[in-house]
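[1] Whatever this is, show me its structure:
(one chain, ligands or ions: 1)
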Amino acid sequence: MGVLSGKEVVLGVTGGIAAYKACEIVRELRKESANVRVILTASGAQFITPLSLQTLSKNPVVMDLFNLISESEIGHISLAQRANLVMIAPATANIIGKIRSGIADDMLSTVVMATNAPVLLAPAMNAQMYASAAVRENLSVLRERGFHFVEPDEGELACGTVGPGRLADGGKIMEMARIVLSEKPLAGRKVVVSAGPTAEHLDPVRFLSNRASGKMGFAMARTACRFGASVTLVSGPTSLPDPPFLRTVRVRTAEEMFTAVTRAAEDADAVVMCAAVADFRAKGAAPRKIKKEGFDYRVELAPTVDILESLGKNKGSRALVGFAAETDDLARNAVEKMRRKNLDAIVANDVSRTDIGFESDNNEVRIFFPDGEVRDLPLCTKDGIAVGVWLALDGKLFRR
Ligand code: C5P
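    Presented below is the predicted three-dimensional model:
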């Protein structure tokens, strides 16, 4: 169950061309089982109809502060008090200015003033307006007051200019909503997470790799970020996009992953190696494409560097966590790896099963600790497993 499930979310929609994108945000919020109440400003209603938002949110859309019927059903104070989160997407220069100045002259600005809930603003406006001294100052004051933001994206704007001002991607706004509402057990921690396979080149065209999709590592990185950690994700080749609000370093080979992880690990509190690092590489990859003709079908292999084992030899105060993908003797193999690599925990899953593990969206794992404790996390989504793993690691490793 996600962090938005069962939450009361007030979504303010103000008057910009991006107002139509609010429909998608309402759908995403509903998909995660949030109860959504939309407040549409008068200028927002010039761009999108209340009926669309009402149909998608499955709640009446509130527009008018002084409407006797809607005010008697659910008034502005009750909306403000019930909210777990107030989001405004798109947020125009006008609503940003009003909130900063303490103006409460319509339903949305009044609810923002009356709420104790966190407020998340996703500005969208013309690039010049966004760069104006008034907007810059308003944003910086609101940031100091603890308002949350998702910066607009750069690109071609509806008005024809190019620059920052386009409403941030819906996925990014949703992720910030999850971050804002998550508890913060990892606040102040720096963590490094590796993900995906590595690819070891035989020649410029061919490589040795494995079936890792990167989904588990990406879930571990996203979850650590939601839990308040500063995260570096080192990923081998995957088709997954960079997760927002954390640092992603893309690598291809085990050697490149070793360099990136070791560098990021220098000031980290924890290194979690989810990556399925290739165990072998071609000894002396060919600089040009190997021709079929005359090839003797033999490739000489050499071992890759073991990143965790190397970190384990000089651990300092860092927590080191491995993942073990096993097909046989899960417990024995996992515990042996934990000892050999000098780890603080190892998370093991059975990759002989087709319903979990490689490429799947789900997983089921056992976490082994050096003191003999074992925690079982039952079958659920990789995001759910990541929450369970981080909470187990936090309780066991960081609170010593
Ligand atoms: O020995 P094995 O590959 O099964 O160990 C799994 C753990 O070790 C994983 O956490 C993996 O990321 C890490 N590993 C590594 N460097 C390697 C091979 C594995 O860090 N070359």
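[2] okay, CA-based contacts and neighbour counts for the rest of this
    OK.
[3] roughly how far apart are Leu311 and Asp371?
    20 Å (Cα to Cα, to the nearest Å).
[4] Specify which residue of these two has the higher count of neighbours.
    Neighbours were counted for Leu311 and for Asp371 using other Cα atoms under 10 Å; Leu311 has more, 21 against 8.
[5] Not counting sequence-adjacent ones, nearest residue to that one?
    Distance criterion Cα to Cα, 6 or more residues apart in numbering; nearest residue to Leu311, sequence neighbours excluded, is Thr262 at 7.4 Å.
[6] How many neighbouring residues does that neighbour have?
    Thr262 has 18 nearby residues by other Cα under 10 Å.
[7] which SSE is it in?
    Counting by DSSP states H and E, the element that carries Thr262 is helix 254-265.
[8] same check, this time on Ile179
    Using DSSP H and E, Ile179 falls in helix 170-181.
[9] ok, the next helix or strand after that helix near the ligand or not?
    Remark: after helix 170-181, the chain's next helix or strand is strand 190-195, criterion DSSP H and E. No. Contact of strand 190-195 with the ligand (Cα under 6 Å from any ligand atom) is absent, the minimum separation being 7.1 Å.
[10] Between helix 254-265 and strand 190-195, find me the angle.
    Strand 190-195 and helix 254-265 meet at an angle of 160 degrees, taking axes from the mean of the first three to the mean of the last three Cα atoms, to 10 degrees as the criterion.
[11] following strand 190-195, which helix or strand shows up next?
    Next along from strand 190-195, by DSSP H and E: strand 200-201.
[12] so how far is the helix or strand following that next one from its chain's centroid?
    Per DSSP H and E, the first helix or strand lying C-terminal to strand 200-201 is strand 207-208. Put simply, strand 207-208 sits 29 Å off its chain's centre (Cα atoms, centre = their mean, to the nearest Å).
[13] now for strand 207-208, which elements pack on it?
    strand 200-201 (3 or more Cα pairs under 8 Å, 6 or more residues apart in numbering; DSSP states H and E).
[14] shaky segments in the stretch 1-150 of the chain?
    66-74 (pLDDT under 70).
[15] if you set the cut-off to 90 instead, what comes out?
    For the stretch 1-150 of the chain, the stretches flagged by pLDDT under 90 are 1, 64-78.
[16] buried residues in the helix holding Ile179?
    170, 172-181 (16 or more other Cα atoms under 10 Å).
[17] Which residues does the helix holding Thr262 contact?
    Outside helix 254-265, the residues within contact range by Cα atoms under 8 Å, 6 or more residues apart in numbering are 191-192, 194, 198-200, 232, 234-236, 249, 251, 271, 277-278, 304-305, 307, 311.
[18] what about 6 Å?
    198, 251, 307 (Cα atoms under 6 Å, 6 or more residues apart in numbering).
[19] for the helix or strand that that helix is followed by, packing partners?
    Remark: after helix 254-265, the chain's next helix or strand is strand 270-273, criterion DSSP H and E. Applying 3 or more Cα pairs under 6 Å, 6 or more residues apart in numbering; DSSP states H and E, we find strand 270-273 packed against strand 190-195, strand 319-326.
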